[in-house]
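In: Using only what follows, build the 3D model:
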Amino acid sequence: MDLNTVKNVGVGAIIVLAVIGVLAAIIIRKIVGKVLSLLIAAALVFFAWQQRDHVINYADEMRGQACQSPPRFFGIQVNLPDDWCTTASSGR
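Out: Below you'll find the model as predicted:
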């Protein structure tokens with residue numbers, strides 16, 4: 001192998017590696033974007049479900065009582081039905 005062969009092969013190898021690097025970056029970015037979107041969606045679903053359970057559990061505990069402190073869903077006050085806020089027994 002002579003000097004000219006090394007120069008030509010070196011330039012070709014650099015170009016191939018650059019193209020592979022760019023393609024890998026594009027593929028990795030798409031995969032990471034999809035995984036990140038999935039994780040964010042899963043976290044939002046988890047927190048919404050957790051808040052939903054909290055409101056339902058609190059409402060069940062307050063049923064038949066005076067409803068002095070209504071539950072909150074992501075900081076928004078949730079008004080319970082009027083028949084839940086009576087002081088009479090609910091028959092449970």
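In: part of a strand, is residue 33?
Out: No: counting by DSSP: H, G, I helix; E, B strand; the rest coil, residue 33 is not part of a strand but helix.
In: roughly how far apart are it and residue 22?
Out: 17 Å (Cβ to Cβ, to the nearest Å). C-beta here means a position set from N, CA and C on the backbone, and glycine is covered the same way.
In: Please apply the same query to residue 55.
Out: Per Cβ to Cβ, residue 55 is found 50 Å from residue 22.
In: How much space separates residue 73 from residue 59?
Out: Residue 73 is 11 Å from residue 59, where distance means Cβ to Cβ.
In: more crowded one of these two?
Out: residue 59 (16 against 12; other Cβ atoms under 10 Å).
In: list the helices and strands the host helix or strand of that one packs on?
Out: In the assignment (DSSP states H and E), residue 59 maps to helix 3-62. Packing contacts for helix 3-62, counted by 3 or more Cβ pairs under 8 Å, 6 or more residues apart in numbering; DSSP states H and E, involve strand 72-73.
In: and the next element down the chain from the strand it packs on?
Out: Immediately after strand 72-73, counting by DSSP H and E, sits strand 76-77.
In: who's in contact with that following strand?
Out: Contacts of strand 76-77 from elsewhere in the structure, counted by Cβ atoms under 8 Å, 6 or more residues apart in numbering, are 70, 71.
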